[in-house]
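Participant: Structure, please.
(chains A, B, C, D, E and F)
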Protein chains: 6
Amino acid sequence: MPKYQPLDSLKSPRFSGVSTFMRLPNIHTLEDVDFIVTGVPFDTGGTFRVGCRFGPKAIRDASVILKPFNPELNINIFEHCSGVDYGDIDIVPGFIEDSYQKIEEELIPVFVNDIIPICMGGDHSITLPELRAVAKTKGPVALIHFDSHSDTYDSYFGHRYNHGTPFRRAVEEKLLLTDNSIQVGIRGPIYEPQNLEEARQLGFEILSAGEIRKIGIEESIKRIRKRVQDKPAFVTFDIDFLDAAYAPGTGTPEIGGFSTWEAQKFLREGLAGLNIIGYDLVEVLPSYDPSSITSFAAAGMIYEFISLIALNKKNRNIMEIKGISV
Amino acid sequence: MPKYQPLDSLKSPRFSGVSTFMRLPNIHTLEDVDFIVTGVPFDTGGTFRVGCRFGPKAIRDASVILKPFNPELNINIFEHCSGVDYGDIDIVPGFIEDSYQKIEEELIPVFVNDIIPICMGGDHSITLPELRAVAKTKGPVALIHFDSHSDTYDSYFGHRYNHGTPFRRAVEEKLLLTDNSIQVGIRGPIYEPQNLEEARQLGFEILSAGEIRKIGIEESIKRIRKRVQDKPAFVTFDIDFLDAAYAPGTGTPEIGGFSTWEAQKFLREGLAGLNIIGYDLVEVLPSYDPSSITSFAAAGMIYEFISLIALNKKNRNIMEIKGISV
Amino acid sequence: MPKYQPLDSLKSPRFSGVSTFMRLPNIHTLEDVDFIVTGVPFDTGGTFRVGCRFGPKAIRDASVILKPFNPELNINIFEHCSGVDYGDIDIVPGFIEDSYQKIEEELIPVFVNDIIPICMGGDHSITLPELRAVAKTKGPVALIHFDSHSDTYDSYFGHRYNHGTPFRRAVEEKLLLTDNSIQVGIRGPIYEPQNLEEARQLGFEILSAGEIRKIGIEESIKRIRKRVQDKPAFVTFDIDFLDAAYAPGTGTPEIGGFSTWEAQKFLREGLAGLNIIGYDLVEVLPSYDPSSITSFAAAGMIYEFISLIALNKKNRNIMEIKGISV
Amino acid sequence: MPKYQPLDSLKSPRFSGVSTFMRLPNIHTLEDVDFIVTGVPFDTGGTFRVGCRFGPKAIRDASVILKPFNPELNINIFEHCSGVDYGDIDIVPGFIEDSYQKIEEELIPVFVNDIIPICMGGDHSITLPELRAVAKTKGPVALIHFDSHSDTYDSYFGHRYNHGTPFRRAVEEKLLLTDNSIQVGIRGPIYEPQNLEEARQLGFEILSAGEIRKIGIEESIKRIRKRVQDKPAFVTFDIDFLDAAYAPGTGTPEIGGFSTWEAQKFLREGLAGLNIIGYDLVEVLPSYDPSSITSFAAAGMIYEFISLIALNKKNRNIMEIKGISV
Amino acid sequence: MPKYQPLDSLKSPRFSGVSTFMRLPNIHTLEDVDFIVTGVPFDTGGTFRVGCRFGPKAIRDASVILKPFNPELNINIFEHCSGVDYGDIDIVPGFIEDSYQKIEEELIPVFVNDIIPICMGGDHSITLPELRAVAKTKGPVALIHFDSHSDTYDSYFGHRYNHGTPFRRAVEEKLLLTDNSIQVGIRGPIYEPQNLEEARQLGFEILSAGEIRKIGIEESIKRIRKRVQDKPAFVTFDIDFLDAAYAPGTGTPEIGGFSTWEAQKFLREGLAGLNIIGYDLVEVLPSYDPSSITSFAAAGMIYEFISLIALNKKNRNIMEIKGISV
Amino acid sequence: MPKYQPLDSLKSPRFSGVSTFMRLPNIHTLEDVDFIVTGVPFDTGGTFRVGCRFGPKAIRDASVILKPFNPELNINIFEHCSGVDYGDIDIVPGFIEDSYQKIEEELIPVFVNDIIPICMGGDHSITLPELRAVAKTKGPVALIHFDSHSDTYDSYFGHRYNHGTPFRRAVEEKLLLTDNSIQVGIRGPIYEPQNLEEARQLGFEILSAGEIRKIGIEESIKRIRKRVQDKPAFVTFDIDFLDAAYAPGTGTPEIGGFSTWEAQKFLREGLAGLNIIGYDLVEVLPSYDPSSITSFAAAGMIYEFISLIALNKKNRNIMEIKGISV
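Facilitator: This is a model prediction of the structure:
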């Protein structure tokens, strides 16, 4: 049996006690774990609505309804892997470069130990230091980026670091395998026609919402898998990939988006078996989420991440048992 | 003209007066009625968010916008049937067995008089005493169960009665024609892989959300009709059959679900003409429903129930006129 | 460069300053503008929930996130046209006929100057004086009406003017080219079977939600274009065309409706190139919109209106350059 | 025992059933009743936030927690009097003169039968037709007016009837014993210095919030009693007499106001034994009252009204028993 | 230095990490602690609004703003005592007697170890098993009960255990030193005049809100101290002691109550130096508390409890140093 | 007549049009104005809840209910002075030093022109650059500081600029006449006993909430006036001076505070006639203010500021007329 397991909600009511992600133990350890869930409550990078610093707490509160067996992926998660709620990274509110350093420093040992981190934002500016930690320890990675915004602007108000620029910076800093990277779900108004063009010139494939609606989700999934191949990959999921009706509680809600069902399909079928070494889910903003559906959606997406980790672990174990090297 | 009709909102403003379901008269009578709408404000059975005791009031408040003609089913409801707002059943908050007894006792005369009850929950634990009343008066029935959860766990915290167990109990108590019963829309994490398996072993057909997405709603509707046939049936509709974006105000919101349009289609096309002798709609939780869309959705679903009752009544009248026995 | 442009949100933060629509200048001018956005905060015509008088403010607040390039229509709006936030029309709360007069008087010079007004309601009763202004200056027009309700009742409580009757009045007053007019998205309960029949007898084509689901959006779009042809047209968009989950903040929310994506498709593909001379968007009710998604949806729909205006302007300019008369 | 009594909440849970005021029977009768509670859901007179049409429903929902014995006034209400929830008066939304007529017509028989009406607004414009009904049946009355605003403006937007003008109209129409009338709690900005002066010239005594703070509540109470004497009186209570923290859900919230405790003291000690023949409580606006405290406050104020009625009834009975004429 | 201390919010941002009470360590230990804070998320005893099961989480979330020095009591809390967030007691939702047993069993060792528990409810029914644990380990105690309701009814719906009856049961079970017990702040309607009389006959002194207003808080404080003397005491604080404006998020909000400042004064001056061996704070209901002020108030009251514990500890240490036996 | 006046809400409904403060013209001018109201939507300095960037918009929205005559101060504001809504200062979200520079640069010309700025925050970190602008143009000033927190910490997370440190910085930078400066209303937990001691050592007089309750508001007012004398003064008002029940929408709500009435008294009687050359009002956080009472309170406080400006202007004019030099 993997070491760390959620509390059993058939015995202890799930609304009971301190809220940790999925009722996993809250331990700051890298031993005996396959994944960690950690909060990165940094929101100084936001250019419109702010308050994502409370995202991790809200996602934890919603996650207590999750149960260990995922019927769609047919996986009993904690038979195959162990995980903890690692607590939050102590960022410095109001100071992006200090916070970047703390995030990077905190994540490096996670990657060094081949543990998969799942970071709960915070705004999207946090993905840059996450990718720095990845690149320093594992080399550049493929980026699988679910979002309504490309986040590849050059600067805002003369500054280069905020929640609208991380992926331009990531390319500039050579953190990504751009040939294997893809942005999925992009939609909504932009400043200039060249904005998307530039993202493409940076090397990203862009699968816009418009195109997804045209070719369908099945075909879109094929595109993702074809692009990423078996490269080590990092998944970043901005909750505004979902339509504003499904995720009102976010920094820059965008209409014309995807349902949670569509998102689940993207994750389950689009990512199963890929070689994903890190995840984040960002831009959950609880103060604009009066009935918490955004947090439930976020917890549900992270649930799929964990299921994918368990699935890979299970398959690897099967292969190991069968004597196949991995 | 059937006896009891809603107030005319072209004359008396619909926001006016005491809220009764669809502005029907609030009378505790079984005479001259074809259906009753009654509240069952019991919520002690809830294992996560609670407060469904205020569900009936909220559904009544939303229902005042309903009008008597249903264009999709082409039925002028109150030309064919009469109904009242029967008030609420006086359950005992905090005491499930006492409440079960009161619910059963109150509903028995309704069934004895061949009147169709529409019960507004309350949490899903209330369906068990409803089915006991059915079985005592009419024998076992087919169950048509719309929900994201199978509600066939054995027990929580060592107790057998709550909102997660009613349908296992119903089978054990032989209240159902399990061969004609079906659970529709099941999705989301479960405790163990065997949970769904056990529901199937209890005799239910399970049409999961995943399967519905695969085969389509039209085909799913055929499955329901094929399963239920012309058996006397009871419809139980948990509002979390709907996606959390469409029904945030519920005890255990579940993402990846259905839209109200899809639900309407299921009810209109899936149930038209079936021999349904009772309905409930459960798990509306107003304190998590800040813009009342859950209550509007619930009122809208009940509106379809009433339309189906009127349709059956109309068809039966036509057949009677034509001399066809029914 | 067209004269009036939005503030640049890469330099001035978009949450900054007095909220005007899309951060356009707030000037009451008809010079050097192609379109104006104006509020019509009249809500005395509402028969259920009220408070649409605050609609224009809320839409302005949401609109500050809009950016000038629309990728789906491939148009850089303010390269082709100029617009201002014209402020609100000073209606008289509580007095519908006075308000009608003020709305009509204020809009006549707009049409006389061939400027396209985009009116932000307010409840749907405001469309009647808008159409009076149109007809007085341009003659009768085709009506393209997105809504869940036909709004062709004859009267409420013995009165002929409110938000349920404007389009019957418009026909009676001969303001419309009824043969080119169409109502799209109609759904939900009505008082009597003849309600819709009467709307048809008034001359409208009705494309109900049920029919749209049957024939698909692409085919529905063809119907609209076929109906309207190249006639001068007025677009009125009731936010309850959208499903209650996408637009909870409205006077009479209706379930079983459309997503914002579907609405965008209707506008982008259904209306591109049509000869539209005026627009309104009505029934946004902020006090029932706790996370503002209704206002974001409304701002997004108006964004498509403006994009369509720019697109027509661009094409006309191209034709002019090519020496084609328009 | 007086005929109509509230349901017993020790037997039937108080959250159960259709909400009527204080769980009294919902009967439109003038027989065997000492008082009626009736809704007047008219809000067309509002000049800022609107939606008081839902005030009566919200007050009813909150009132179900009330219990029959008032310890501060030491009165067991329903030992001494009988009352019903009379339903709402069918006003005509959007049409103030029609509505005035309906309100007056509906209330005349109430006064004719010497029954005390308690009207739940609705905005403050409704008090004028109430006073018309009083004056027609009983002659002019003393007005005891709790409010932050004097509501004696002459007109808004050129119109004479709305929620800012009723008491100027009432004086003009000679409905009041102005020498015995008093406005209590007036505060907040006004348009011009003469506004309050004019109210005084109309004949009202004005006891402003500033003055109440200076002289104390005890002394203020003496002033009220001295002013009103034993004249037949009508009490109108605008919920914005309370501070915005105690009553956020109102049309024009005013800071610097009174607590519910202070209001209770005013009612209990200021009005006990006065000859009050009618009451209203206006300007409750539920859509701005997210935790319902405004409705609880309103229900609590009406509870004091009913207690005062019972107290007078008790004293009269005692006097009758003692052979003292009344 | 006492062992367990809160996290330093000048180094780790206070919004960061898993929420524990006041950022104390979340450890289920009775070693090296002077007090524990523990959640008792039981709400089956509620007779109106429910959902206090989420009270402990909400209080924890609000408590993270607390800092260690209390200037009014001039005490640096964690110089004198050590405390932990003990987690929640695993009650059984829906089953009051099972839950009572669990609460009692869990608290007995706490009292045996002379550790002071601070229980966060949950509804007021939880105080009975707390008092049972007290009495079993320490003998009967004085009760200092802040509340708007006396909670000494005999039964509801034929049942003896719920949030309206605990203190009658406590007397019957001889858990209290009634001669030293006092109920403070009682107000609001009751069922019958004898309700309060009976509470007095049970032995309680009742200091009603009306009386407190008359004699003043200073004098009321003297009454409390005179009543309790130096007896071992238990403090139970129902958040509805506060006015509904200060604590909207509660099961049965009551107007006419106390401000947080007044409550702080009662605790600081009324209880300082008394021999208090246990505390609870109950009836916080987050789903009716949209801006969380109820939770902030609750956290603030518990902060005073902890300060009082530290103060006693400090004084005892001083006395010990001075060689005075305690 | 002074040049700039609010719109007349008896002619144009006050809910109409773009929201500016008190419906004043939105012009970026320093000519013909006595005061300006300007937004400073900077919130990067917040250490707990964030989002004060939306404070200015929310205060503007609430301010439209204000009217020009202040009865308590007996002043018809715009007979004596002229003011505009100056728009917002374009701060740089996420970058405190850049923002400080912009705020200072923008305010210097205001002070140079002897115009009185009223700054709407934003968080409390903005007061430092405001004071820098004051000191550069006018020399050091007396500070009159209403707040629950002293905001004189040295640093957070190793950084010296945020909303908890501005007044220590201000002293260090010699911007204040500390002998004439006073902090009023301080309350709530602090990190260490020396925190307040240090504030005193920096030179501030501290009038804590506890002391105010002891000596009364009248006496407290005398202390303020005695301290400030006739020195040029700057007033900074943190909305959390008000109790959390009166101002829930703020960054760090503090219980045990003041009512709006008490605050009005402090401003009206405490500041009338003082030589105040600048004002700010900070920490309004709309996303935690569901019924907007915090914004109404903030608008009301600014209303008193403007009244005080008008009062000084009136008195100066009277003195000038009488030939008294000022």
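Participant: okay, and for chain A, where does confidence drop off?
Facilitator: Low-confidence regions of chain A, defined here as pLDDT under 70, cover residues A:325-326.
Participant: now for the lengthiest helix in it, which elements pack on it?
Facilitator: Using DSSP state H, we find that the single longest helix of chain A is helix A:293-321. With contacts defined as 3 or more Cβ pairs under 8 Å, 6 or more residues apart in numbering or on different chains; DSSP states H and E, helix A:293-321 has these neighbours: strand A:35-40, helix A:55-63, strand A:69-70, strand A:75-76, helix A:77-80, strand A:116-121, helix A:260-271, strand A:276-282. Quick note: C-beta positions are derived from backbone N, CA and C, even for glycine.
Participant: please redo it, this time with the cut-off set to 6 Å
Facilitator: Counting by 3 or more Cβ pairs under 6 Å, 6 or more residues apart in numbering or on different chains; DSSP states H and E, the packing neighbours recorded for helix A:293-321 are helix A:55-63, strand A:75-76, helix A:77-80, strand A:116-121, helix A:260-271, strand A:276-282.
Participant: ok, now how distant is residue A:237 from chain F?
Facilitator: Residue A:237 is 23 Å from chain F, where distance means Cβ to the nearest Cβ, to the nearest Å.
Participant: Same question for residue A:312.
Facilitator: Distance of residue A:312 to chain F, given as Cβ to the nearest Cβ: 37 Å.
Participant: again, but for residue A:154
Facilitator: Distance of residue A:154 to chain F, given as Cβ to the nearest Cβ: 16 Å.
Participant: now that we're looking at that residue, which residues does it contact?
Facilitator: The neighbours of residue A:154, taking Cβ atoms under 6 Å, 6 or more residues apart in numbering or on different chains as the test, come to nothing; the list is empty.
Participant: Wasn't it part of a helix?
Facilitator: No: counting by DSSP: H, G, I helix; E, B strand; the rest coil, residue A:154 is located in no helix; its state is coil.
Participant: Any residues of the stretch 1-150 of chain A in contact with chain B? List them.
Facilitator: Within the stretch 1-150 of chain A, the positions near chain B by Cβ under 6 Å from any Cβ of the partner chain are A:10, A:15, A:65, A:66, A:67, A:69, A:70, A:72, A:76.
Participant: which ones are touching the fourth one?
Facilitator: Contacts of residue A:66 were listed using Cβ under 6 Å, 6+ apart, and they are A:22, A:303, B:189.
Participant: Chain neighbours aside, what residue packs nearest to it?
Facilitator: Nearest-residue entry for residue A:66: residue A:22, 4.8 Å, with adjacent residues in sequence omitted and distances by Cβ to Cβ, 6 or more residues apart in numbering or on different chains.
Participant: That neighbour is in contact with residue A:6, isn't it?
Facilitator: Yes: taking contact to mean Cβ atoms under 6 Å, the distance of 5.1 Å between residue A:22 and residue A:6 places them in contact.
Participant: Compare neighbour counts for those two and give me the winner.
Facilitator: When residue A:22 and residue A:6 are compared on other Cβ atoms under 10 Å in any protein chain shown, the one with more neighbours turns out to be residue A:22, at 28 against 21.
Participant: which among the contacts of residue A:66 gets closest to residue F:29?
Facilitator: Each of the contacts of residue A:66 was scored against residue F:29 by Cβ to Cβ, and residue A:303 proved nearest at 56.2 Å.
Participant: Could you measure from that closest one over to chain F?
Facilitator: From residue A:303 across to chain F, the span is 27 Å (Cβ to the nearest Cβ).
Participant: count of neighbours near that residue?
Facilitator: The number of residues near residue A:303, taken as other Cβ under 10 Å, comes to 25.
Participant: any idea how far residue E:84 is from it?
Facilitator: Here the distance between residue A:303 and residue E:84 works out to 30 Å (Cβ to Cβ, to the nearest Å).
Participant: hmm, back to that, of all the residues of the stretch 1-150 of chain A next to chain B, which two lie farthest apart?
Facilitator: By the measure Cβ to Cβ, A:15 and A:72 form the most distant pair in the residues of the stretch 1-150 of chain A next to chain B, at 25.4 Å.
Participant: Which one's more surrounded, the two?
Facilitator: residue A:15 (25 against 20).
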